[in-house]
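Trainee: Can you look at this prediction? I've put the sequence above it.
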Amino acid sequence: MKIVIAGAGAMGCLFAGLLAGSRHELWLLEKDAGKVDAIRSAGLSIEISGAEPAVSMPSITAYAGDAGIADVLVLLVKAYDTAAAVQAALPVIGPQTTVLTLQNGLGNIEAITRAVPQTLLLAGTTAQGATLLGNGRVRHAGRGETVIGPLVPEGAVRAHAVQEIFQSAGIPATVAEDIQPVLWGKLLVNAGINALTAIMRVKNGRVGDMEPLQAVMRRAVAEGAAVAQRLGISLPYPDPVVRTTEICCATAENFSSMYQDISLGRRTEIDSINGVIVEYANRLGLPVPVNCMLTRMVHALECPSVS
Ligand code: PAF
């Protein structure tokens, strides 16, 4: 099978590195010419639990036409780049190509289905942790489950095929019949952790063990849960605050993706995480002051003069 991964950031490189040992043909698609050159010459290097980094040399290109039609396209670009990444990836999407989004936040499905039929699309979440150390250099910051699911019942076969690809590469994966609760479940965890860690410049663990941060996290998550409830989404766990606290503990030593973005002076995914909760809440007439404030504070941090 030909697998194309769009986005050579932390997660894209991690997945490419983990899939590199499989029997599949692997391509990375990356718009940044600097990253393409660096990975083409030095390869991908994945550091796992302090061991000698595993180096692989996947094919990488900025032009999707070089890769040809893919069997599976995995989108791992930042949420604000989804629409552009799908346009750039059109040459690899044939009538049978499975397109999988494993991106953070909400809104990716809507952006992808403007160009790709729902029958080809799978969505999912991953609890794999990755820290970008440099172009093509990643530290595997924790192994976690990847959950994928179709948007329409006919897509189940595609979801099981991707699950098989991931599992044979040692990436734990499960298939969910209804993916929306899974996406909302991850959204609430991200809403509770990402903005707070970026604003406070702390590792995930502090949000779980410092009472003032935990108090803000609880409010942010509870607001998001109220929005989900009003939308009729039943979350994939009984208590979203308990779940978020568990993830803080499990990833205590990690820097969240938003922390990493702010530290590197990059745009964040805030609009697809806390910002999307604010959008839904406004439509539903629900108060979400904490998510609103977190969104504004991260927007402020994104201004070059602040960070
Ligand atoms: O975005 C992230 O960093 C991750 O989704 C999470 C769960 C917050 C762990 O770092």
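Mentor: Done, it's in.

Trainee: For the rest of this, base every contact and every neighbour count on C-alpha atoms.
Mentor: Will do.

Trainee: Below-threshold pLDDT in the protein: ranges please.
Mentor: 306-307 (pLDDT under 70).

Trainee: give me the residue from it nearest the ligand.
Mentor: When you check the chain against the ligand by C-alpha to the nearest ligand atom, the closest residue turns out to be Ser256, at 3.3 Å.

Trainee: List the buried residues for stretch 56-63?
Mentor: Residues of stretch 56-63 classed as buried under the neighbour-count rule (16 or more other C-alpha atoms under 10 Å) are Ser56, Met57, Pro58, Ser59, Ile60, Thr61, Ala62.

Trainee: can you tell me which residues contact the residue of the chain closest to the ligand?
Mentor: Contacts here follow C-alpha atoms under 8 Å, 6 or more residues apart in numbering; on that basis Ser256 touches Ile193, Asn194, Thr197, Ala198, Lys203, Asn204.

Trainee: which ones among the residues you listed come in contact with the ligand?
Mentor: Residues shared between the contacts of Ser256 and the neighbourhood of the ligand are Ile193, Asn194 [C-alpha under 6 Å from any ligand atom].

Trainee: From the contacts of Ser256, list just the buried residues.
Mentor: Among these, those that count as buried by neighbour count (16+ other C-alpha under 10 Å) are Ile193, Asn194, Thr197, Ala198, Lys203, Asn204.

Trainee: quick one: which of the residues you listed sit in strands?
Mentor: Using DSSP state E, the subset of the buried ones among the contacts of Ser256 located in strands is empty.

Trainee: wait, which of those is closest to Met11?
Mentor: Of all those, the one with the least separation from Met11 (C-alpha to C-alpha) is Asn194, at 15.6 Å.

Trainee: Could you check how far that closest one is from Ala123?
Mentor: Computed as C-alpha to C-alpha, to the nearest Å, the Asn194 to Ala123 distance reads 21 Å.

Trainee: Repeat that for Asn108.
Mentor: 9 Å.

Trainee: who touches both of the two?
Mentor: Thr101.

Trainee: And the next helix or strand past the helix or strand Leu26 falls within?
Mentor: Assignment of secondary structure by DSSP states H and E places Leu26 within strand 25-29. Of the helices and strands lying after strand 25-29 in sequence (DSSP H and E), the nearest is helix 33-42.

Trainee: tell me the secondary structure for Ile69?
Mentor: Following DSSP: H, G, I helix; E, B strand; the rest coil, the label given to Ile69 is coil.

Trainee: from the contacts of Ser256, which ones fall inside helices?
Mentor: Where the contacts of Ser256 overlap with helices, as defined by DSSP state H, the overlap consists of Ile193, Asn194, Thr197, Ala198, Asn204.

Trainee: check contacts around the third one.
Mentor: By C-alpha under 8 Å, 6+ apart, the contact list for Thr197 reads Lys203, Asn204, Val207, Phe255, Ser256, Met258, Tyr259.

Trainee: Might one say that the second one is in contact with Phe255?
Mentor: Okay, so that is Asn204. Yes - applying C-alpha atoms under 8 Å, one finds Asn204 in contact with Phe255, separated by 6.1 Å.

Trainee: Any idea how many residues pack against Lys35?
Mentor: The burial count assigned to Lys35 is 19, neighbours taken as other C-alpha atoms under 10 Å.

Trainee: again with Ala89
Mentor: Number of residues near Ala89 (other C-alpha under 10 Å) recorded here: 24.

Trainee: now swap in Gly65 and tell me
Mentor: A count of neighbours around Gly65, defined by other C-alpha under 10 Å, yields 13.

Trainee: nearest residue to it other than its sequence neighbours?
Mentor: For Gly65, the nearest residue in space outside its immediate sequence neighbours is Pro91; the separation is 5.3 Å by C-alpha to C-alpha, 6 or more residues apart in numbering.

Trainee: So that neighbour, which state does it fall into?
Mentor: Bear in mind the rule, three-state DSSP; under it Pro91 is helix.

Trainee: quick one, strands of the stretch 151-300 of the chain?
Mentor: When secondary structure is read from DSSP state E, counting those that start in this stretch, the stretch 151-300 of the chain shows strands at 173-175.
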